[in-house]
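Generate a structure from the sequence data that follows.
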Amino acid sequence: MRAMQLDGPGGKLQLVDVPIPLPAPGEVLVAVSACGVCRTDLHVVDGDISDGKYPVIPGHQIVGRVVESEVATLPVGQRVGIPWLGYTCGQCEFCAAGMENLCDAAQFTGYQRQGGYAEFVAADARFCFVLPDSYPDLQAAPLLCAGLIGYRALRMTQGARKLGFYGFGNAAHILTQIARHEGREVYALTREGDLATQEFALGLGARWAGDITQPLPVALDGAIIFAPAGELVPLALRSVRKGGCVICAGIHMTDIPSFPYADLWGERSLKSVANLTREDGLQLLQVAPQVPVRTQVSEYSLADLPVALADLRDGRIEGAAVITLQ
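Have a look, this model is predicted:
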């Protein structure tokens, strides 16, 4: 089969021919039709995170159909989504407490497990989602990481009414729609001078959009930082009212500069999001059709994955990038 394979952290990403994987007991073989491009893929390819199993096929927002299965709940022909969380032990204290996203033995799709930038992928059936029929393959793919991790971050804001989104890409364009559906106000902050993205945010229902150098028109109840820039943390803390929260939604971030304790004082809180749980996925896939969330996608071929990653790195994508394979 054709696949885009990474030979090591920050190494060479190239189109290769590799054998079709053989599913182990409890796994299904899926013919991939689409795989979303995520900022986590950038961190994997660039070597910002480096605990993967190499060589690895990245990609973890996978949509496809089961072509080989001995699992009764996922018969051949079933359309499924395969997310970042690909395996947990099910026995540790985190798993037992409903925090499987923190399992020390977890394996992640496109990192420790082979991912979806390939024509076929083998996946643990327990970590596959049956997708709503209302979403075509291309539009479903971004829900599987940008949507899931973003939704987990949104719930961590505990109903904050005035929300600031620092960085407005794949996840923020999904969460803006959900937040507006819930009656919240979204304030979008972008790179300096990025007027196109600000217009995109306003078109999705944001109350206000500007760049990070501009003063916000209100004090925020909560903020979610999507951009992997540590310098945004003190900025976001100074933008939230007393009792407000700042959620860091990425898997990687540059170093956070020191800041005065006064920026945190007043019972402000700072928290990170780590991975996702299957319950997060089930909740989002119920909520998304109710909104309904509409994902805006830019389509790329498998061979053009490096182009898609470069476009994502440089902020040239509105919404989500998706690799198509069928």
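
domain parsing for the chain?
2-144+276-324, 148-272 (automatic domain parsing).

Reformat the ones you listed as TSV; add mean neighbour count and mean pLDDT.
Using the backbone N, CA and C atoms, a C-beta is placed for each residue, glycine as well. Output for the domains of the chain, formatted as TSV (neighbours: other Cβ atoms under 10 Å; pLDDT from 0 to 100):
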stretch	mean neighbour count	mean pLDDT
domain 2-144+276-324	19	97
domain 148-272	19	97
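
host element of Gly36?
Using DSSP states H and E, Gly36 sits within strand 27-37.

how distant is the very next helix or strand once past that strand from the center of its chain?
Scanning forward in sequence from strand 27-37 by DSSP H and E, the next helix or strand is helix 39-46. Remark: helix 39-46 is offset 11 Å from the chain centroid, using Cα atoms, centre = their mean, to the nearest Å.

right, and the helix or strand after helix 39-46?
Next helix or strand after helix 39-46 toward the C-terminus (DSSP H and E): strand 62-68.

Each with direction, which strands does the helix or strand following that following strand pair with?
Scanning forward in sequence from strand 62-68 by DSSP H and E, the next helix or strand is strand 79-82. If you go by DSSP bridges, strand 79-82 pairs up with strand 62-68 (antiparallel), strand 129-130 (antiparallel).

Of those, which is nearest Leu138?
Closest to Leu138 of these is strand 62-68 (Cβ to Cβ; 8.0 Å).

Kindly calculate the angle that the closest one makes with strand 27-37.
Inter-element angle recorded for strand 62-68 and strand 27-37: 160 degrees (by axes from the mean of the first three to the mean of the last three Cα atoms, to 10 degrees).

what does strand 62-68 rub up against?
The contact list for strand 62-68, computed with Cβ atoms under 8 Å, 6 or more residues apart in numbering, reads 23, 28-35, 74-83, 109, 115-116, 120-121, 123, 131, 137-138, 140-141, 144, 326.

which residue sits farthest out from the middle of the chain?
Most distant residue from the mean C-alpha position of the chain: Ala262, 31.8 Å away (Cα atoms, centre = their mean).

How about the secondary structure of that one?
Counting by DSSP: H, G, I helix; E, B strand; the rest coil, the backbone at Ala262 sits in helix.

Over to His252?
Following three-state DSSP, the label given to His252 is coil.

what's the answer for Leu285, then?
helix.

who touches it in this structure?
Going by Cβ under 8 Å, 6+ apart, Leu285 touches Gly81, Phe129, Leu131, Pro132, Leu143.

what's the closest of the residues you listed to Glu279?
Distance to Glu279 across the contacts of Leu285 (Cβ to Cβ) is lowest for Phe129, with 11.3 Å.

hang on, isn't the closest one packed against Gly81?
Yes. Assessed by Cβ atoms under 8 Å, Phe129 is found in contact with Gly81 at 4.4 Å.

quick one: the nearest residue to Phe127 once chain neighbours are set aside from Leu102, how far?
Distances taken as Cβ to Cβ, 6 or more residues apart in numbering put Gly86 closest to Phe127, at 5.5 Å, once the chain neighbours are dropped. Distance, Gly86 to Leu102, using Cβ to Cβ, to the nearest Å: 15 Å.

Can you tell me the closest non-neighbouring residue to Ser272?
In this structure, Ser272 finds its nearest non-sequential neighbour in Cys248, 4.6 Å apart by Cβ to Cβ, 6+ apart.
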